Structure formats: structure tokens, C-alpha cells
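**Student:** Next comes the sequence, and after it the predicted model I'd like to discuss.
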Amino acid sequence: MGETMTETSGLEAPSAEKVLKVALLGGGTVGSQVARILLEDADALAARAGARLVLTGIAVRNVDAPRDVELPRELYTTDAEKLVSGADLVIELMGGIEPARTHILAALKNGASVVTGNKALLAQDGAALFDAASANNADLNFEAAVAGAIPIIRPIRESLSGDRITRVLGIVNGTTNFILDAMDTTGAQFADVLAEAQRLGYAEADPTADVEGLDAAAKAAILASLAFHTRVSLEDVRCEGITKVTADDIAAAQDAGMTIKLLAIAELITAGDSADGTAAEGVSVRVHPTLLPRKHPLAAVHGAFNAVFVEADNAGSLMFYGAGAGGAPTASAIMGDVVSTARRIAAGAPGAPGAATRALPILGLDAVTTSYSIGLEVADQPGVLSRVAAVFAEHGVSIETMRQTVDGAPGLAAADRWSAGGRAELRFVTHPASEAALAATVADIKNLDVVESVTSVLRVEGV
Ligand SMILES: NC(=O)c1ccc[n+]([C@@H]2O[C@H](COP(=O)([O-])OP(=O)(O)OC[C@H]3O[C@@H](n4cnc5c(N)ncnc54)[C@H](O)[C@@H]3O)[C@@H](O)[C@H]2O)c1
Ligand SMILES: N[C@@H](CCO)C(=O)O
Ligand code: NA
């Protein structure tokens with residue numbers, strides 16, 4: 001591996017130059033930009049990597065498909081297997097589980113290193129891939145898989161490896177942030193903004209993975225695994241998307257000085273008592289719409305941008321911000337991994353060890369305490385508020401704030417509104433409570449005869 005070449009085009013090589021054969025799997029949005037950079041910046045990359053990166057081919061589904069980026073036609077092939085078999089370094093940008101998984105495993109088995117942006121595959125099958133990389137002394141790098149261009153994987157894996165990360169909060173899906181931000185700015189409903197996002201090309205024709213939170217959940221699993229040095233897969237992530245967030249939820253959040261974001265939350269939780277020696281650490285990973293105070297740094301992340309907020313014992317709070325998607329931005333993250341992997345291969349150094357050094361239990365939501373915002377539609381009658389408040393008290397859930405809006409017939413005096421069967425909306429924000437206590441509270445509130453409906457239950461962070 002790593003032949004030498006004495007003559008190179010465009011660069012006066014003072015001595016024999018190492019050459020690495022780079023196979024690219026996928027020539028779409030990101031792959032085409034990676035190929036462009038590999039060809040356009042070949043000399044600068046060679047100088048930085050300590051080896052010339054020679055693009056040996058681009059595996060695609062259809063060699064003749066029309067493309068936005070013009071690249072030499074002879075690079076395209078449909079024979080990904082052959083391309084992988086001769087490579088020192090494989091860049092996987094096909095997406096999906098198969099055949100990406102088979103090609104990555106074949107590359108690692110050959111001792112080739114792999115750079116990928118495939119969060120779906122890593123979240124589903126990361127353990128098998130990392131084991132194959134370790135067994136073959138190869139690297140598996142994936143900066144592009146979480147928050148696109150934003151350097152977050154390497155900072156967590158390397159820069160913060162001497163610290164103890166306790167929590168990661170991320171806006172890691174641009175489509176849903178674009179939708180929630182537009183709802184916040186315009187007061188529009190979810191369905192209308194989704195249609196506009198699709199028209200502008202932000203949301204895909206099938207936006208399920210984005211709006212149901214699955215894309216964010218895959219990224220949450222990857223972030224949690226690295227932050228806590230343990231293995232977390234997609235099925236460990238509790239996931240709720242943004243399809244049920246209403247314009248009323250956003251308006252109520254605004255009234256309370258907050259905004260709603262889809263957050264990926266990974267927490268290291270210590271349960272038990274350190275005095276009697278039963279204290280043990282576990283991990284909670286979840287994705288859900290979350291109320292955030294407008295003064296929180298993540299509340300200032302607008303449009304399709306991403307950001308990851310990290311809390312560590314010694315570093316304190318850090319925030320990483322930038323473009324979470326797009327061809328060129330994502331290619332930047334891929335190329336960073338390519339250069340650093342090439343440097344390692346060129347120097348003859350061994351592959352980086354796998355990330356998991358612990359096997360922490362995955363905790364259920366009962367182990368997590370958060371504040372909640374609860375919206376109720378109630379009869380506008382005397383005594384309703386105290387009956388609702390009594391249910392909170394019975395379950396030990398403490399109320400932080402309460403706001404009432406009276407519905408309809410604004411000209412009527414209060415007593416006339418009651419007799420006319422008027423409605424009121426109550427919005428409570430609680431102090432931190434367990435999911436179990438909250439669920440029991442909501443169930444009992446629903447059964448009160450004066451409660452018409454529970455209109456929303458949303459978690460609150462950063463208060
Ligand atoms: N687009 C983004 O902004 C972005 C951001 C971060 C991560 N990613 C990840 O990067 C990867 C690539 O994304 P993309 O947007 O470039 O996808 P894309 O759909 O634009 O391109 C996929 C490419 O892979 C090729 N391909 C797919 N299946 C193949 C098969 N079976 N055999 C041969 N070729 C095949 C296609 O021909 C195409 O060239 C995905 O894993 C995605 O999740 C994308
Ligand atoms: N669909 C993703 C692309 C990046 O993974 C998003 O909206 O952020
Ligand atoms: Na990234």
C-alpha cells in the first residue's frame with residue numbers, strides 16, 4: 001500500500017512522492033463536490049497529506065446520468081466492488097444501508113481506511129464497522145455524518161478526550177430547523193411551511209426521516225457514543241418529530257420568552273446514591289421538539305443551520321455552529337477526514353483505536369427529569385384552576401409559571417362567559433419532573449370533567 005511515484009503532474013517533486021489510491025463511492029450532491037476538490041486542489045492536498053491522492057474512480061448507479069459538476073467521464077463506473085478492491089482509501093457517499101455496508105466492510109478487510117458521511121449506517125451498524133476497522137488496523141472517519149461541515153466529531157473524539165462530557169444538545173437537522181424557524185417568524189402552521197420548504201428545495205419530496213426526527217436520532221446516537229465512550233445505536237434513541245407542533249404551541253412559547261427547536265439530547269446521568277455506593281452512570285439519548293429560552297445560544301440558530309452545544313466538566317459550555325448540509329460544506333468535512341487519514345497512512349502509523357471504552361446502560365425516560373410545558377383547554381369557570389393545580393400537587397409536580405387566555409366572546413363579562421360555556425386555555429411550565437410523574441399528572445388532568453383537552457405536552461430545556 002502507498003506506492004511511490006517519481007514524476008507528478010504540476011508539482012516539482014524534490015523526491016519520490018507517496019501515492020494513495022482513492023476510490024469514491026457515490027457521485028451525487030456530496031460525492032461530486034469531493035471529486036471536484038480532489039481534482040482541483042490536488043497539489044495543495046498532496047502537500048498537506050504527505051501523499052498524492054489519486055482519484056481512481058467514482059462508483060455511481062448510472063454512468064450517463066446528467067450531472068451538475070463536470071468531471072472527466074472516464075472516472076465513472078458502476079463496478080464499485082472492483083474500485084474498492086484496489087484502493088488505499090475509500091470515500092463512501094452512496095448513502096443507505098446496502099450496498100454501502102458491504103463495500104465499507106470489504107474495504108476495511110483489505111486494510112484500506114474509510115471516510116463516510118453515512119449517519120444512517122453508522123447509527124444502525126456502527127459496532128460492526130468499528131470492529132472491522134480495529135481488526136484490520138484501518139481508520140473509519142465520519143465527520144460529515146453529524147452536522148455536515150461543522151467540526152464536531154473530531155473535537156469530541158480528540159480535543160475533549162481529556163475531559164468528561166456530561167451533556168450534548170444539538171440542532172442537527174437543517175430541514176426541521178428551517179420549518180420551526182419559519183413557523184416562529186411567520187406564525188404559519190407546520191403543513192404550510194413544509195410545503196414551502198419543499199418548494200425551495202430544503203425538504204426532500206419524502207421528508208419523513210427529517211420531520212419524524214429519524215435523521216436527528218441517527219446523529220444523536222453517533223454523538224452519544226463518542227461523547228460517553230460507549231455504544232449507542234438508533235434503537236436506543238427515544239424519538240419524536242415535529243409534525244404535531246402547532247402555530248399555537250409556537251405562539252405560547254413566544255409569550256413565555258421561548259422558542260421551539262428539535263433537539264438531539266444526549267446526557268450522562270448518575271443514578272443511585274454515592275454515599276451507599278449504589279451510584280452508577282447511564283446514558284439517556286432522545287430527540288424531541290423542545291422549548292428553549294430565547295437567550296439560550298441554540299435559540300439563535302436560524303434557517304437550515306445546525307449547532308451543537310456541549311457541556312463538559314472542565315471546558316464548561318461550548319457551541320459549534322455552521323452549515324449542516326449541502327454539497328460543498330459536507331465535502332469540506334469529508335476532505336478534512338481524507339487528509340488526516342492520508343497523513344496517518346503516509347506516516348505508516350497504526351489506525352486509531354475504536355471509540356468505545358465503556359459499556360454504559362441506556363436509561364429509560366424515567367431516569368430523566370425535565371421541565372414541561374403543558375397546554376390545556378378548559379371550561380372558563382370558577383374553581384377550574386385550583387382543581388387542575390391540585391392534580392399537579394398530588395403527583396409532586398411543581399408549577400413554575402401559569403398563563404391563562406380566555407377564548408371567544410371578549411365583550412362579555414366573566415359571569416356571562418361562564419354561563420355561555422366559555423373556554424379558556426391554560427399553559428403551565430413545570431419545575432423539573434420525571435417522565436412518569438408527568439405522564440400520571442397528564443392522565444389525571446385529562447379525566448377532570450372541566451378539562452376539554454390536553455392540547456400539548458412539550459419538554460423545556462435551558463431554564
Ligand atoms: N447531502 C447532504 O447535504 C449531506 C449532508 C451530510 C451527510 N450526507 C450523507 O452523504 C451521503 C451521500 O449523500 P448525497 O446527498 O450526496 O446523496 P445523493 O443521492 O445525491 O448521491 C448518491 C450517489 O450514490 C450513488 N449510488 C447510490 N446507490 C448506489 C449503488 N447501489 N451503486 C452505485 N452507486 C450508487 C448514486 O448514483 C449517487 O451518485 C449520504 O449518506 C448522506 O446521508 C449528505
Ligand atoms: N436532511 C438533513 C441533511 C443533512 O444530514 C438535514 O435536513 O439536515
Ligand atoms: Na460534522
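**Tutor:** Thanks, I have the structure now. Ligands and ions are numbered 1, 2, ... in the order given.
**Student:** how close does D181 get to ligand 1?
**Tutor:** 18 Å (CB to the nearest ligand atom, to the nearest Å). Every C-beta, even on glycine, is put in place using the N, C-alpha and C of the backbone.
**Student:** got the contact list for that residue?
**Tutor:** H302, G303 (CB atoms under 8 Å, 6 or more residues apart in numbering).
**Student:** Close to ligand 2: what parts of the stretch 251-400 of the chain are there?
**Tutor:** Taking CB under 6 Å from any ligand atom, the part of the stretch 251-400 of the chain that reaches ligand 2 is made up of G324, A325.
**Student:** Quick check, the residue in the stretch 251-400 of the chain closest to ligand 2?
**Tutor:** Nearest to ligand 2 in the stretch 251-400 of the chain, going by CB to the nearest ligand atom, is A325, at a distance of 3.7 Å.
**Student:** before we move on, what about the stretch 1-150 of the chain?
**Tutor:** For the stretch 1-150 of the chain, CB to the nearest ligand atom, closest residue to ligand 2: G148, 5.7 Å.
**Student:** And what about that residue, helix, strand or coil?
**Tutor:** Judged by DSSP: H, G, I helix; E, B strand; the rest coil, the three-state class of G148 is coil.
**Student:** what do you get for the one 3 residues further on?
**Tutor:** Remark: P151 carries the secondary structure label coil [criterion: three-state DSSP].
**Student:** Now it. Its backbone dihedrals?
**Tutor:** Main-chain torsions, P151, degrees, to the nearest 10: phi -70, psi 110.
**Student:** Correct me if wrong: it contacts A333.
**Tutor:** Yes. P151 lies in contact with A333 (CB atoms under 8 Å); the separation is 7.4 Å.
**Student:** so how far is the lengthiest helix in the chain from its chain's centroid?
**Tutor:** Secondary structure of the chain per DSSP state H: the longest helix is helix 327-346. Here helix 327-346 is found 20 Å from its chain centre; the criterion is CA atoms, centre = their mean, to the nearest Å.
**Student:** Which residues does it contact?
**Tutor:** 1-2, 18, 20, 22, 29-30, 32-34, 36-38, 45, 48-51, 53, 88-89, 91, 93, 113, 115, 117, 139, 141-144, 148-151, 154, 322-323, 351-352.
**Student:** what residues does the stretch 101-250 of the chain put near ligand 1?
**Tutor:** G117, N118, K119, A144, G148.
**Student:** Just flag the most distant two among the residues you listed.
**Tutor:** N118 and G148 (13.0 Å; CB to CB).
**Student:** Direction included, what does the strand or helix carrying T259 pair against?
**Tutor:** In this structure, T259 sits in strand 258-271 according to DSSP states H and E. Paired neighbours of strand 258-271 in the sheet (DSSP bridges): strand 165-171 (antiparallel), strand 280-293 (antiparallel).
**Student:** deepest of those strands, which one?
**Tutor:** Mean neighbours per residue, mean count of other CB atoms under 10 Å, is largest over those for strand 165-171, with a mean of 24.
**Student:** Now that strand - C-alpha only, CSV.
**Tutor:** What follows is strand 165-171 as a C-alpha-only set of coordinates in CSV (Å, rounded to 0.1, in the frame of the first residue of the first chain):
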residue,chain,number,x,y,z
ILE,A,165,-18.6,15.4,28.7
THR,A,166,-21.9,15.4,30.6
ARG,A,167,-24.4,16.6,28.0
VAL,A,168,-24.7,17.3,24.3
LEU,A,169,-27.6,19.3,22.9
GLY,A,170,-27.8,19.6,19.1
ILE,A,171,-29.8,21.2,16.4
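**Student:** For it, which outside residues touch it?
**Tutor:** 146-147, 156, 177, 216, 219-220, 223-224, 227-228, 261-268, 298, 301, 305-313, 324, 461-462.
**Student:** Filter the residues you listed down to the buried ones.
**Tutor:** Burial by neighbour count, judged by 16 or more other CB atoms under 10 Å, picks out 146-147, 156, 177, 216, 219-220, 223-224, 227-228, 261-268, 298, 301, 305-312, 324, 461-462 from the contacts of strand 165-171.
**Student:** residues in the stretch 51-200 of the chain within reach of ligand 3, list them.
**Tutor:** E143, A147, I150, I152 (CB under 5 Å from the ion).
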